[in-house]
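> the sequence isn't on hand, but the structure is:
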């Protein structure tokens, strides 16, 4: 069986199409994100925590909503037939959906992670929180990947909702569990950064989850026999 | 083989409650095939296999020389597809859709697209969500036709349209079709539409292809023969009779192998031929399906 090469120009067109169709939601999230950041300017520690929580909500919320709209709605609103009538392979379609969603998520996520770690690096800040912050930032990336992958594979609102539910549980449950691991909790509130083997293990395991989830999406899509 | 736009051989696809069974279908280049079947007969599944959207369990499919589904993207570059369950994006305008599709198909003809805009009485600046169902079908047809496909696949495009819109779409489609020498597969359960458009006909029922032939040959072969039979005279055995209706004295025979010689054959056997009536495509389709279902039951 002849394997056709991936048409990257087509992937780019599909990504731009999804961003264009959802441009108001993407643009709308910017003022919400900026408003959250403005809170930090008050200079209080409580304001910093509030800012982080609000930003997480905005980023994860937009990521989840975008995933639902670009994957589940495409089938629900029967626009999938239009897209699949074009010269698009399952590989290009899957790549476009994953990238369209993850790029939108990763830009503010990187800014937020860098910002949070930057603040923690300031003199007088609790430097010991840096490993835990990095672990939780990657946890956010995993949960978004999970929602997007669930949406792409199942194209089902119910399963995407299950993905969102699992992601929420993941952030809270795993966050709590990681914060109580001896190798992390012992140094978390200290003034020195301690990258313990436990912290590294958790972080590397999380990072490996990302390609594993994305690979799962491609694997499941390659096994599908019906695309409409 | 080279002048076949579509070549399906022994194609089967099994679902829990439906099976497409051993479909073999050839579509010569430049022909217009009317694909007729009741709802759930397997038309859309066959078309999705042709488009590479559904992978067959067995059998081979070649579309415009490309093996499907392996070479589906190359094939779809030359296919225009409109189906009943296809929707365009609601928020953007038709112009956005035209721009999007034209960026993908190198053979997109903008001048032709603008001609179709006028012919279909559409406005490029209008948002799709503001269009009526009939206008949306026309917009989808425009997007399929202006890419100048070698093969046009229309899967029940007129379903759900009111009679006026259906007539408009069909009229405009027929006008467009006369311009081109492309191969067309037109699926519908509305036999009148298919009869108007097609030069070849395929019947599908319960996942099986039960007839594929030239429309004129099909219409010529099928007749309803009205006889007057004297009491005590046996009904003449005619070739290809699929249905016997009417009464004992005034039987009506439906035959799929009509020949003028049948008339003299009846007269030789003591029956008077009252009339020989041509049948519509719908009558032929229904008689064909019913006789095969009865055969299956027997």
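Okay, I see it. Since the model is a prediction, treat every value here as computed from it, not as a measurement. Numbering: from 1, shown residues only, chains lettered A, B, ... in the order given.

> what helix or strand is residue B:59 on?
Using DSSP states H and E, residue B:59 maps to strand B:58-63.

> can you name the residues in contact with the next helix or strand after that strand?
Sequence-wise, the next helix or strand downstream of strand B:58-63 (DSSP H and E) is strand B:66-68. For strand B:66-68, contacts defined as CB atoms under 8 Å, 6 or more residues apart in numbering or on different chains pick out A:1, A:2, B:49, B:50, B:51, B:52, B:60, B:61, B:62, B:72, B:74, B:75. In this view, the C-beta of every residue, glycine as well, is placed from N, C-alpha and C.

> could you redo the last one with a cut-off of 7 Å?
The contact list for strand B:66-68 (CB atoms under 7 Å, 6 or more residues apart in numbering or on different chains) reads B:50, B:52, B:61, B:62, B:74, B:75.

> list the contacts of whichever residue of the stretch 151-298 of chain B sits closest to chain A.
Nearest residue of the stretch 151-298 of chain B to chain A: residue B:153, at 8.7 Å (CB to the nearest CB). Contacts for residue B:153 (CB under 7 Å, 6+ apart) come out as B:47, B:50, B:51, B:79, B:81, B:185.

> so which of the residues you listed are in strands?
Judged by DSSP state E, strands contain the following of the contacts of residue B:153: B:79, B:81, B:185.

> can you narrow the residues you listed to ones near chain A?
Among the ones in strands among the contacts of residue B:153, proximity to chain A is found for residue B:81 (CB under 7 Å from any CB of the partner chain).

> okay, the ones in strands among the contacts of residue B:153 in JSON lines with pLDDT next?
Output for the ones in strands among the contacts of residue B:153, formatted as JSON lines (pLDDT from 0 to 100):
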{"residue": "B:79", "pLDDT": "94"}
{"residue": "B:81", "pLDDT": "94"}
{"residue": "B:185", "pLDDT": "92"}
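
> ok, of the ones in strands among the contacts of residue B:153, which one's closest to residue B:20?
Distance to residue B:20, by CB to CB, is smallest for residue B:185 among the ones in strands among the contacts of residue B:153, at 15.6 Å.

> and for that closest one, the neighbour number?
For residue B:185, the count of nearby residues is 27 (other CB atoms under 10 Å in any protein chain shown).

> that one and residue A:34, how far apart?
Separation of residue B:185 from residue A:34 (CB to CB, to the nearest Å): 54 Å.

> same thing with residue B:184?
According to CB to CB, residue B:184 and residue A:34 sit 54 Å apart.

> leaving out the residues flanking it, which one is nearest to residue A:101?
Once flanking residues are discounted, residue A:101 sits nearest to residue A:148: 4.4 Å by CB to CB, 6 or more residues apart in numbering or on different chains.

> same check, this time on residue A:76
Nearest residue to residue A:76, sequence neighbours excluded (CB to CB, 6+ apart): residue A:157, at 7.0 Å.

> and the pLDDT for the one you found?
With respect to pLDDT, residue A:157 scores 84.

> what are the boundaries of the strands in chain B?
In chain B, strands defined by DSSP E lie at B:4-15, B:18-28, B:32-37, B:58-63, B:66-68, B:79-83, B:151-155, B:183-188, B:200-205, B:208-214, B:223-229, B:241-246, B:251-255, B:271-278, listed in chain order.

> which residues touch stretch A:112-121?
With contact meaning CB under 7 Å, 6+ apart, stretch A:112-121 is reached by A:48, A:52, A:55, A:59, A:125, A:126, A:127, A:129, A:130, A:133, A:134, A:137.

> again, but for stretch B:242-250
Contacts to stretch B:242-250, defined as CB under 7 Å, 6+ apart, come from residues B:228, B:229, B:231, B:251, B:252, B:253, B:254, B:255, B:256, B:287, B:291.

> show me how far it is from its chain's centre.
Centroid separation between stretch B:242-250 and its chain, computed with CA atoms, centre = their mean, to the nearest Å, is 31 Å.

> wait, is residue A:195 part of a helix?
No - using DSSP: H, G, I helix; E, B strand; the rest coil, the assignment for residue A:195 is coil, not a helix.

> which one of the contacts of residue B:153 sits closest to chain A?
Nearest to chain A among those: residue B:81, at 4.0 Å, using CB to the nearest CB.

> thinking again about what came up before, following element in sequence after the helix or strand that contains the residue nearest to residue A:101, please.
Here residue A:148, judged by DSSP H and E, is contained in helix A:130-154. Next along the chain after helix A:130-154, taking DSSP H and E as the criterion, comes helix A:157-169.

> just after that following helix, pick out the following helix or strand.
Scanning onward from helix A:157-169 (DSSP H and E), the first element met is helix A:175-179.

> buried ones in that following helix, by neighbour count?
For helix A:175-179, a neighbour-count test (16 or more other CB atoms under 10 Å in any protein chain shown) marks residue A:178 as buried.

> which helices and strands does it pack with?
In terms of contacts (3 or more CB pairs under 7 Å, 6 or more residues apart in numbering or on different chains; DSSP states H and E), helix A:175-179 is packed against helix A:130-154, helix A:182-188.

> ok now the first one, how far from the chain's centre?
In terms of CA atoms, centre = their mean, the centre of helix A:130-154 is found 5 Å from the chain centre.

> just checking, what packs against it?
Counting by 3+ CB pairs under 7 Å, 6+ apart, the packing neighbours recorded for helix A:130-154 are helix A:45-67, helix A:90-121, helix A:157-169, helix A:175-179, helix A:182-188, helix A:197-223.

> of the contacts of stretch A:112-121, closest to residue A:94?
residue A:59 (23.0 Å).

> ok, now which ones touch the closest residue to residue A:228 other than its chain neighbours?
Leaving out its chain neighbours, the residue that sits closest to residue A:228 by CB to CB, 6+ apart is residue B:53, at 4.4 Å. Neighbouring residues of residue B:53 by CB under 7 Å, 6+ apart: A:84, A:227, A:228.

> now residue A:62
Each residue near residue A:62 by CB under 7 Å, 6+ apart is listed here: A:25, A:29.

> need the per-residue pLDDT for it.
For residue A:62, pLDDT reads 78.

> kindly report the same for the one 4 residues further on.
Note on residue A:66: pLDDT of 83.

> residue B:134 now?
86.

> likewise the one 10 residues further on?
With respect to pLDDT, residue B:144 has a value of 93.

> sketch out the low-pLDDT regions of the chain for me.
If you meant another chain, say so; for now it's chain A. Low-confidence regions of chain A, defined by pLDDT under 70, span residues A:1-4, A:37, A:40-45, A:48.

> nope, chain B
B:1-2, B:178-181.

> got the residues of it near chain A?
Counting by CB under 7 Å from any CB, chain B sits next to chain A at B:48, B:51, B:53-55, B:70-74, B:76-77, B:81, B:83, B:85-89, B:91-92, B:100, B:103-104.

> list buried residues within the residues you listed.
Among the residues of chain B next to chain A, those classed as buried by 16+ other CB under 10 Å are B:48, B:51, B:53-55, B:70-74, B:76-77, B:81, B:83, B:86-89, B:92, B:100, B:104.

> next step: these restricted to helices.
If you go by DSSP state H, those have B:48, B:51, B:72, B:73, B:74, B:76, B:100 in helices.

> what is residue B:275 paired to in the beta sheet?
Judged by DSSP bridges, the bridge partners of residue B:275 are residue B:226.

> was I right about it contacting residue B:227?
No - using CB atoms under 7 Å, residue B:275 is not in contact with residue B:227, being 9.2 Å away.

> neighbour-wise, which of these two wins?
Using other CB under 10 Å, the more surrounded residue of residue B:275 and residue B:227 is residue B:227, with 24 against 10.

> with adjacent residues omitted, what lies nearest to that one?
Distance criterion CB to CB, 6+ apart; nearest residue to residue B:227, sequence neighbours excluded, is residue B:271 at 4.6 Å.

> many thanks, have a good one.
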